[in-house]
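Undergrad: When you get a sec, could you give me coordinates for this:
(chains A and B)
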Amino acid sequence: MDELDFLKKDWQEREKELPKLSYNDIYMMMWKKSSSSVKWIFYISVIELTFGVLLGIFYHPSFEKELNLPPAYNYLTYASSLIIIYFIIRFFRNYKRISTTSSVKGLLENIIKARRTVRQYIIFNLSFAGIVSIGSIIYVYIQQSGGWNSFAAQATPKDYLVIFVISVLATAIIIGFFLGIYYLLYGILMRKLKRNYNEIKKMEL
Amino acid sequence: MTQELEHKFVSELEENQNIVHKICKIYTDDPEAHNDLFQEITIQLWKAYPKFRGDAKFSTWMYRIALNTAITLYRKSKRQVKTQDFDTVLNKVKAKEYDDTEEKQLQLMYDAIKQLNDIEKALVFLYLEDKNYKEIADTIGITEVNARVKMNRIKTKLKNILNP
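TA: Next up is the predicted model:
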C-alpha cells in the first residue's frame, strides 16, 4: 500500500482529536481584526519616533546655526522623546490586551482605551509642536533684532503685534501640517476601530 | 440583515470547523500558530462570505478559501524557514528510522509532510481528505492532469524524505 493511503486512514481517525471551538469562540475571532489596526498604530508610532530620532541625529540644516536656538530646545527634544516612548509602550500594551481579550465586553472596552490613547498621543504631539514653535519664533525674532535688551528698548506696540501675528500664523501652519500627517497615518486606523466598535456593539445588544 | 448573515456564517463555520482545524494542523507546528491561522482563515472566510452564493456546498467553498489563505500566509513566512530546521528534522527522521512501530511510522510521515511546500501541502491535505483528482484540481485551481502529475511528484518526494 501507498504510504499516503496508509496515512489517510490515520488522518481520518484523528478527526476526533481536533479542537472544538464554540459558537462564541468563532464569533470573537471575527472581531479580533481590531487587533491588527491597533498593531499598526503601534508600528507607525515606532517608525515615527525612529524617524524623528534619526532626523535629530543626522539632519542639521545650515540655518539651524544661524537661528541660534536656546539650549533649552535640546532638553525639550529629549523630554518629548521620553514621553513618546511612554506612548509607544502604551500602544504596545493596548495591542497585547486586544489580542488576548476573550469577551465581547472586554474587547469593546479595550477598543475604547486604544482610541483614547491615540487621541492623547495626537493632542500631546500637536500641543508640543505648538508650544515649541511659538517659543522658537519669538526667540528667533528677538535674536534677529539684536537680543532682548535692544529689542525691549526700541520695541513699539506694533513690533509686539507683528511677533504675535507671525507666531500664531506659523504655529497654525505647523499644527495644520502635523494634523494632516496624523489624519493620514492614524485617521484610517481610528475609523476602522470605530467601525469595528459599532459593529460589535450592535451584536452585543 | 448583517446580523442574520453573521449568525448563519458562524453557525456554518462552527459546524464545519474540522476542515479549518485540519488545514491548520498541516500548515502549523504549535497550538499558537494553529490558533492564529484559524483566526486568519475565519476572517478571510467572513470577508468572502457575501460572495458565496450557495451554488456550491459551504464546505467545498470553505476548502478553497481556507486553503488559499493558508497558502498565501505560508508563502509570506516561507523566507523565514531556516535551513538548520530542515537538517534537524532530517536528523530526527534518521534517528527514528529504526523504530518501526506503526505510531512512529505515522509520525515520520507527518514530519515529512511538514517539509513540503505550500502548494504540495494543499494537495496532500485534499488527498488525505479523500477528495478525487477532479475535486483537488477544482479546489486548487489547476487542471486535473496537473493535479495527478503533482501528486505523483509529491509521493516520490515523500519517499525520498523518508528514505534518504
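Undergrad: And for A:Ser108, the neighbour number?
TA: Not quite, residue A:108 is Leu, not Ser. 18 (other Cβ atoms under 10 Å in any protein chain shown). (C-beta placed from N, C-alpha, C; glycine too.)
Undergrad: quick one: it and chain B, what's the gap?
TA: Distance, A:Leu108 to chain B, by Cβ to the nearest Cβ, to the nearest Å: 17 Å.
Undergrad: Next one: that residue from A:Asn196, what distance?
TA: Distance from A:Leu108 to A:Asn196, counting by Cβ to Cβ, to the nearest Å: 10 Å.
Undergrad: before we move on, what about B:Val145?
TA: Distance from B:Val145 to A:Asn196, counting by Cβ to Cβ: 45 Å.
Undergrad: higher neighbour count, these two?
TA: A:Asn196 (19 against 10).
Undergrad: which secondary structure element contains the more buried one?
TA: helix A:188-204 (DSSP states H and E).
Undergrad: Listing request: residues of chain B with sub-threshold pLDDT.
TA: B:1-3, B:76-100 (pLDDT under 70).
Undergrad: quick one, domains of it?
TA: What the record gives for chain B is the domain set B:1-80, B:82-164, from automatic domain parsing.
Undergrad: Kindly present these as CSV, with separate columns for distance to A:Leu184.
TA: What follows is those, written out as CSV (distance: least, Cβ to Cβ, whole Å):
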stretch, distance to A:Leu184
domain B:1-80, 24
domain B:82-164, 35
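Undergrad: Dump the ones you listed to CSV, plus distance to chain A.
TA: What follows is the domains of chain B, written out as CSV (distance: least, Cβ to the nearest Cβ, whole Å):
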stretch, distance to chain A
domain B:1-80, 4
domain B:82-164, 4
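Undergrad: for those domains, which one sits closest to A:Gln144?
TA: Closest to A:Gln144 of those is domain B:1-80 (Cβ to Cβ; 55.0 Å).
Undergrad: which SS class is B:Gly54?
TA: coil (DSSP: H, G, I helix; E, B strand; the rest coil).
Undergrad: What count of nearby residues applies to it?
TA: 7.
Undergrad: Tell me, how many residues neighbour A:Ser80?
TA: Using other Cβ under 10 Å, A:Ser80 is surrounded by 17 other residues.
Undergrad: Run a quick check on it versus A:Ser127, I expect a contact.
TA: No - if you go by Cβ atoms under 8 Å, A:Ser80 and A:Ser127 don't touch, sitting 10.8 Å apart.
Undergrad: Could you count how many residues lie near residue 147?
TA: By default, I'm working from chain A. Counted with other Cβ under 10 Å, residues neighbouring A:Gly147 total 10.
Undergrad: right idea, wrong chain: chain B
TA: 23.
Undergrad: show me the contacts for it.
TA: Contacts for B:Ala147 were tallied using Cβ atoms under 8 Å, 6 or more residues apart in numbering or on different chains; they are B:123, B:133, B:136-137, B:140.
Undergrad: Which two of those have the greatest separation?
TA: B:Tyr133 and B:Ile140 (10.7 Å).
Undergrad: where are the low-confidence patches of chain A?
TA: For chain A, the ranges with pLDDT under 70 are A:1, A:31-36, A:56, A:59-70, A:102, A:202-205.
Undergrad: Which helix or strand contains the residue minimising distance to the centre of it?
TA: The structure's chain A has its C-alpha centroid closest to A:Ser45; by Cα atoms, centre = their mean the separation is 4.7 Å. If you go by DSSP H and E, A:Ser45 is part of helix A:34-58.
Undergrad: What sits closest to A:Tyr197 if chain neighbours are left out?
TA: Residue nearest to A:Tyr197 in three dimensions, not counting chain neighbours: A:Ile111, with 4.8 Å by Cβ to Cβ, 6 or more residues apart in numbering or on different chains.
Undergrad: The one you found: neighbouring residues, count only.
TA: Around A:Ile111 there are 26 other residues, counting by other Cβ under 10 Å.
Undergrad: residues contacting it?
TA: A:34, A:98, A:193, A:196-197, A:200.
Undergrad: I'd like to check the angle between the helix or strand harbouring it and helix A:188-204, please.
TA: A:Ile111 is part of helix A:104-144, with elements assigned from DSSP H and E. Interaxial angle, helix A:104-144 versus helix A:188-204 (axes from the mean of the first three to the mean of the last three Cα atoms, to 10 degrees): 160 degrees.
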